[in-house]
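Undergrad: A structural model of the following input is requested.
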Amino acid sequence: MARFRESPFLASQANFGTGLSQEESPSSEYNSLKVITDSLLCMNATTTTTSQEFQDSIVLVPRGECTYQHKAYIAQQMGAKGIVIYNTLASRYSLNTTTTNNEEHTANDILFPQPFYDYDCPLGSAEIPSSEIQFNPDFTYDAQHNDPLLTGDNDRNLCKVHSPNKLANCPSKRCLLTNYTTSSTTATTTKACCAWDLHLWLYGDDSNLEVQIPAVFVTMEQGFLLKELSLSHQELSATLKARWKPTYNPSSFLVWLLGVTVAAVAAWQSAGDYHVGICKLLAKRQSTQSNNDSSQEDESSSSNEPLARRNPMQEETVELEPIHAVGFIAMASTSLFILFYFKIYNFVKVFYAFGCSNAVVQVLIYPSLQRILVKLGKKERTLYNSQEFGKISNWHAVSAILAYAWGMGWLYMALFVRRPDSYLFYWVTQDVFGACMCIVFLSIIELNSIQVATILLIVAFFYDIFFVFITPYLFKGESIMVTVATSGGPPKKDPLWCEKYPSDQDCQGGDPLPMLFAIPRLFDYQGGSSLLGLGDIVLPGLLLSFAARFDAAKALVGISSGGHQQQGAAVIEGNTGNRGAAFLRSVPRGPYFFPLVIAYAVGLMMANVAVYVMEMGQPALLYLVPCTLGTMSYLGWKRGDLRALWEGPKVLQLADSIVYGTPPHHQRSNNPPQHIPMESMVSQRGGEDGIERVPATTVSGMEAADDESGPLLASPTTKSLD
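TA: The predicted model follows:
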């Protein structure tokens, strides 16, 4: 940014010279601005001696004849503090110097501006009488005569006068001459076309000239305004500053917070039926105590019904086995290669829109609609009932219509709108859809041991590293993960070309695929978004879900068997319908879920910090896997649960029996549940009365019977749940 006392000018910075400090507040360090009109600062660098001609000044010099770095070096040698190079029409013309005798040029040696790079005729063109245009005797472009006749939104601009549409679509209102002439019996005309006037990136040259002052580039329009200002002011001052942007963008924190929140909520929700069971048992016990009726017979007679029933749309859950973990990564790798080679990114967007619309029905719209309509006194009517899909009601139908309409609106933008992530509706919808998909995923896919979690997360750990860091060495510098995540990688054309022609095929790409959370970077003029892949949520989230279910199962079994009464039901007061409060008061000391959420948050923050330190995208699992899996393993070892966690704690099966009244298996069907009493579950352990007699030990802060499979019961003396 070039700031003048009157107003700031946006400029592009050079990749040579010194960097610019950020513009955090109006600066008082101004230098006088010297406008150079009689020189291009293209003198011989080896013979130019140091002088004080531009002492403590910033010089404004036109583009042309020599390189940007050469101009900056000459200005430095003459004492300048900085240099501002402005674009000109004249700089786009030159002479062919490859002729045998450079002193004898002809009109054929004139090198005219290049179409599309320097000008674009479809934006505006005109046939100008050749007699109005002049070239110098040596066939160089006569800028002093021609530029005023080809510049401005006025009648002096011959290009505007002779243009059919008066340069209505030409943003620069300037024209460049082409080498196309038309002759007739009356006159000869030269075709002129609308000139591009954009900021250019100042590249250095191959010379060894060391530039130690800042250099920036401004457009023709800006250069013209600066020259006008210099004529109307006796002294014009300027300073060069970089545009301000936050060192750490708030969007990085927001996407971190979103990731941690969704992972925690999705994992907590996966144990929701256990939490319902805890609340119902505590409420039942409190009601029994208030009625002074605590007999086992009465309790048994009132507990024949299952404590919870699964949502019909999520009736079946799948327990991951080691082979599933390996197969999951194999399928993910295959999908990456298919997308990398065949570039069918739009298919991904279509599948994502339909899949997430269904998740939004289950997680967001139907539950919200149900609560609203129940409060309004409306009744739900069954429209269709089948064993495959369960009951489909009128409320389900309305929810589906709303969700899929929402999803189709998002899909239209994803397929047909350029840079859709810059629109609020698009990225908010994508984040909401992603959150719902994570919740549904963790409610269906279960881990029941850290053995499977270890295999899955370690394989995913190396998978992430390989596709981000290793594949560039195998695929000519292309990272498969980055290429696929950005829908084919960044545009192939340079940014200046894509600024002119954004619809060009080689300017496509760079739009992130939707399987991620995205929050636009705040207060950053460069744009962009902070991103977090959904895989970085659901893969560690499986371990968080396991921890949440394990904690809730221990509390549930403890309360059911009576051994956890002092920590559970006895301390519950007030509204026992609050699941969160009931769970927090009944969970044994030393839970796993909350430490794992903290470990996940720390790991994700480490990945965020690494992005800023290394200035490149990071595979988040590189940090999340050690933090989450390491924390779970350490806590299990510290509390003596590691073997049970590795093999699969039986307490999860007991909790399923208590809540659903079904045998402990994890591929559940829609068949009506049958209640299995606790005696049936523990009778296989031995003993004349079906209960193994072992000393009471403390497991995770509760009294439990312990064996090689881990904590099963909350007391060595077990009461029936029936």
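Undergrad: pretty sure residue 45 contacts residue 74?
TA: Yes - using C-beta atoms under 8 Å, residue 45 is in contact with residue 74, at 6.5 Å. No exception for glycine: its C-beta is placed from N, CA and C like everyone else's.
Undergrad: of those two, who's got more company?
TA: The neighbour comparison of residue 45 against residue 74 (other C-beta atoms under 10 Å) goes to residue 74, with 25 against 15.
Undergrad: wait, that one sits on residue 41?
TA: Yes - using C-beta under 8 Å, residue 74 is in contact with residue 41, at 4.4 Å.
Undergrad: where's residue 401 relative to residue 369, distance?
TA: Remark: distance between residue 401 and residue 369 (C-beta to C-beta, to the nearest Å) = 11 Å.
Undergrad: give me the more crowded residue out of the two.
TA: Ranked by neighbour count (other C-beta under 10 Å), residue 401 and residue 369 place residue 369 first, with 18 against 12.
Undergrad: buried residues in the helix or strand harbouring that one?
TA: Residue 369 is located in helix 366-375, with elements delineated by DSSP states H and E. Buried positions in helix 366-375, judged by neighbour count with 16 or more other C-beta atoms under 10 Å: 366, 369-370.
Undergrad: next one: stretch 527-536
TA: Buried residues in stretch 527-536, defined by neighbour count with 16+ other C-beta under 10 Å: 529-536.
Undergrad: what do you get for stretch 510-518?
TA: 511-518.
Undergrad: okay, and which of those map to strands?
TA: Among the buried residues of stretch 510-518, the ones falling in strands (DSSP state E) are 516-518.
Undergrad: tell me the secondary structure for the residue in the chain sticking out farthest from the centre?
TA: Computed with C-alpha atoms, centre = their mean, the maximum C-alpha offset from the centroid of the chain is found at residue 185, amounting to 64.1 Å. Three-state call for residue 185 (DSSP: H, G, I helix; E, B strand; the rest coil): coil.
Undergrad: picking that back up, dump the buried residues of helix 366-375 to TSV, plus pLDDT and distance to residue 649.
TA: Below are the buried residues of helix 366-375 laid out as TSV (pLDDT from 0 to 100; distance: C-beta to C-beta, whole Å):
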residue	pLDDT	distance to residue 649
366	94	33
369	93	37
370	92	34
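Undergrad: wait, which of those is closest to residue 162?
TA: Nearest to residue 162 out of these is residue 369 (C-beta to C-beta; 64.7 Å).
Undergrad: who's in contact with the closest one?
TA: Under the criterion of C-beta atoms under 8 Å, 6 or more residues apart in numbering, the neighbours of residue 369 are 395, 398-399.
Undergrad: which of those residues count as buried?
TA: The buried subset of these - by 16+ other C-beta under 10 Å - is 395, 399.
Undergrad: pLDDT weak spots in the chain?
TA: The model of the chain has pLDDT under 70 over residues 1-6, 23-28, 48-49, 99-103, 233-234, 289-305, 308-316, 389, 562-590, 662-722.
Undergrad: switch the buried residues of stretch 510-518 over to a markdown table; also include distance to residue 471.
TA: Listed next are these as a markdown table, based on distance: C-beta to C-beta, whole Å:
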| residue | distance to residue 471 |
| --- | --- |
| 511 | 21 |
| 512 | 18 |
| 513 | 17 |
| 514 | 22 |
| 515 | 19 |
| 516 | 19 |
| 517 | 24 |
| 518 | 23 |
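Undergrad: what's the helix or strand where residue 338 lies packed up against?
TA: Element membership for residue 338, per DSSP H and E: helix 322-342. In terms of contact count using 3 or more C-beta pairs under 8 Å, 6 or more residues apart in numbering; DSSP states H and E, helix 322-342 is assigned the packing partners helix 450-465, helix 480-485.
Undergrad: so can I have TSV of the ones you listed showing distance to residue 390 and mean neighbour count?
TA: Formatted as TSV, these follow (distance: least, C-beta to C-beta, whole Å; neighbours: other C-beta atoms under 10 Å):
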stretch	distance to residue 390	mean neighbour count
helix 450-465	29	20
helix 480-485	36	21
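Undergrad: just to check, residue 39 is in contact with residue 60?
TA: No - counting by C-beta under 8 Å, residue 39 stays clear of residue 60, with 11.5 Å between them.
Undergrad: who has more neighbours, those two?
TA: Ranked by neighbour count (other C-beta under 10 Å), residue 39 and residue 60 place residue 60 first, with 23 against 13.
Undergrad: would it be right to say that the more buried one lies in a helix?
TA: No - counting by three-state DSSP, residue 60 falls outside a helix, being strand.
Undergrad: roughly how far apart are it and residue 9?
TA: Distance, residue 60 to residue 9, by C-beta to C-beta: 11 Å.
Undergrad: find the residues that touch each one of these two.
TA: Joint contacts of residue 60 and residue 9 (C-beta under 8 Å, 6+ apart) are residue 226.
Undergrad: need the residues that contact stretch 526-536.
TA: Residues from elsewhere that reach stretch 526-536 (C-beta under 8 Å, 6+ apart): 245, 249, 251-252, 254-256, 258-259, 332, 421-422, 427, 434, 437-438, 460, 485, 512, 515-521, 604, 617, 620-621, 624.
Undergrad: now do the SS call for the residue most central in space within the chain.
TA: Nearest to the mean C-alpha position of the chain, by C-alpha atoms, centre = their mean, lies residue 531 at 1.8 Å. Three-state call for residue 531 (three-state DSSP): strand.
Undergrad: how about stretch 30-37: buried residues?
TA: Neighbour count says stretch 30-37 has 31, 33-35 buried, by 16+ other C-beta under 10 Å.
Undergrad: what sits up against it?
TA: Residues outside stretch 30-37 that contact it (C-beta under 8 Å, 6+ apart) are 4-5, 54, 56-62, 80-82, 84, 226-227, 230, 235-239.
Undergrad: again with stretch 150-164
TA: With contacts defined as C-beta under 8 Å, 6+ apart, stretch 150-164 is touched by 89, 124-129, 132, 148-149, 166-167, 173-177, 192, 194, 220, 224.
Undergrad: the stretch 51-200 of the chain: helices as residue ranges?
TA: For the stretch 51-200 of the chain, the helices defined by DSSP state H, counting those that start in this stretch cover 68-77, 143-146, 158-162.
Undergrad: just the CA atoms of the last one, as CSV, please.
TA: So the one you mean is helix 158-162. Extracted C-alpha coordinates of helix 158-162, given in CSV (Å, rounded to 0.1, in the frame of the first residue of the first chain):
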residue,chain,number,x,y,z
LEU,A,158,-10.3,9.1,-30.3
CYS,A,159,-10.8,5.5,-29.2
LYS,A,160,-14.1,6.5,-27.5
VAL,A,161,-15.2,8.8,-30.3
HIS,A,162,-14.8,6.1,-33.0
